[in-house]
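K.L.:
missing the sequence, but the structure's below:
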């Protein structure tokens, strides 16, 4: 059975299989539409690209129990949904390990009648970012992987390159962190690198160099987030031990590809063995699986 729930921005969970929470009776989460952008020709069109509009999911909920119980359940659910809207902080629908963020911004409830054993609530879930996301977590400790990189990495100092008789797509050695992105569109990621790093931070994702020329002290951590949904002033930050934030966006190296998405398929991450690293990869799908 699918693990299906709604989590409000307050962290309140509603089991969508449970009549005592907010049982989801009907919804079409697998409705997918890509919108072509075209140039008209004499005969037909030429597609220049595909885009995706925000997703809207009509949902029908059913609540069981006596009228007083149903009213309490519905009021609780609607309060959390409207609180999300009021704060402009999205909740999320969770389908197993995948989730989509958005708002129940429309709802209509039929009158609660004593002769009925259940009450229906019609609602619409609006997802500004129309993808279901699955998070993959990776963690590496300092010294667990090689401190050198392939010879053909753009922008990496040549005096630290090591060449081998055979060509490898990754540094040949123990401890390389490998990942697999099961999406034709690639994936965004969020990397946390823990100080100290007195010369700044650099790491490699699929032979692309990412570098931030800001020295990290012990207790500080650098966060790089490639997602478009992340505000620009939070995409490249240093977090101090007291949780205050330093925006280091302007310290990114102009020759590095700091916010480039990871391509689909197999890949590797390297941090030269110099830092503790936590990384989250955000796999995106048009519909949950």
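P.N.:
Structure's in. What do you need? Small disclaimer: the values here were computed from a predicted structure and weren't measured.

K.L.:
quick one, domains of this protein?
P.N.:
Domains of the chain are assigned by automatic domain parsing as 4-130, 134-285.

K.L.:
least confident of those, on average?
P.N.:
With a mean of 79, domain 134-285 has the lowest mean pLDDT of these.

K.L.:
any chance you could list what contacts the helix or strand harbouring residue 282?
P.N.:
If you go by DSSP states H and E, residue 282 is part of strand 276-285. Residues external to strand 276-285 that are found in contact with it (C-beta atoms under 8 Å, 6 or more residues apart in numbering): 98, 131-142, 177, 179, 181-183, 185, 187-194, 203, 227, 262, 269, 271. The C-beta positions use only the backbone N, C-alpha and C, and glycine is treated the same way.

K.L.:
residues contacting the spatially closest residue to residue 225 that is not a sequence neighbour?
P.N.:
Closest residue to residue 225 apart from its sequence neighbours, by C-beta to C-beta, 6 or more residues apart in numbering: residue 190 at 4.5 Å. Residue 190 sits next to 223, 224, 225, 226, 227, 279, 280, 282 when contact means C-beta under 8 Å, 6+ apart.

K.L.:
which of these lies closest to residue 92?
P.N.:
Comparing the contacts of residue 190 against residue 92 with C-beta to C-beta places residue 282 closest, at 13.0 Å.

K.L.:
how much space separates the closest one from residue 101?
P.N.:
Residue 282 is 11 Å from residue 101, where distance means C-beta to C-beta, to the nearest Å.

K.L.:
what's the overlap in contacts for these two?
P.N.:
Common contacts of residue 282 and residue 101, defined by C-beta under 8 Å, 6+ apart, comprise residue 133.

K.L.:
returning to that earlier point: what's the closest of the contacts of residue 190 to residue 18?
P.N.:
Closest approach between these and residue 18, by C-beta to C-beta: residue 282, at 28.5 Å.

K.L.:
count the neighbours of the closest one for me.
P.N.:
21 (other C-beta atoms under 10 Å).

K.L.:
now it: closest residue in space, sequence neighbours ignored.
P.N.:
Distances taken as C-beta to C-beta, 6+ apart place residue 188 nearest to residue 282, at 4.8 Å, with adjacent residues excluded.

K.L.:
what's the spacing between the helix or strand where the one you found lies and its chain's center?
P.N.:
Here residue 188 sits within strand 187-194, counting by DSSP H and E. Mean-position distance between strand 187-194 and its chain equals 11 Å (C-alpha atoms, centre = their mean, to the nearest Å).

K.L.:
ok and it relative to strand 276-285, angle-wise?
P.N.:
Here strand 187-194 runs at 170 degrees with respect to strand 276-285, directions being taken by axes from the mean of the first three to the mean of the last three C-alpha atoms, to 10 degrees.

K.L.:
can you give me the angle the following helix or strand past strand 187-194 makes with strand 187-194?
P.N.:
Using DSSP H and E, the helix or strand that follows strand 187-194 towards the C-terminus is strand 201-205. Interaxial angle, strand 201-205 versus strand 187-194 (the same axes, to 10 degrees): 150 degrees.

K.L.:
how far away from the center of its chain is the helix or strand just after strand 201-205?
P.N.:
With elements assigned by DSSP H and E, the helix or strand that comes after strand 201-205 is strand 208-212. Averaging C-alpha positions (C-alpha atoms, centre = their mean) puts strand 208-212 21 Å from its chain's average.
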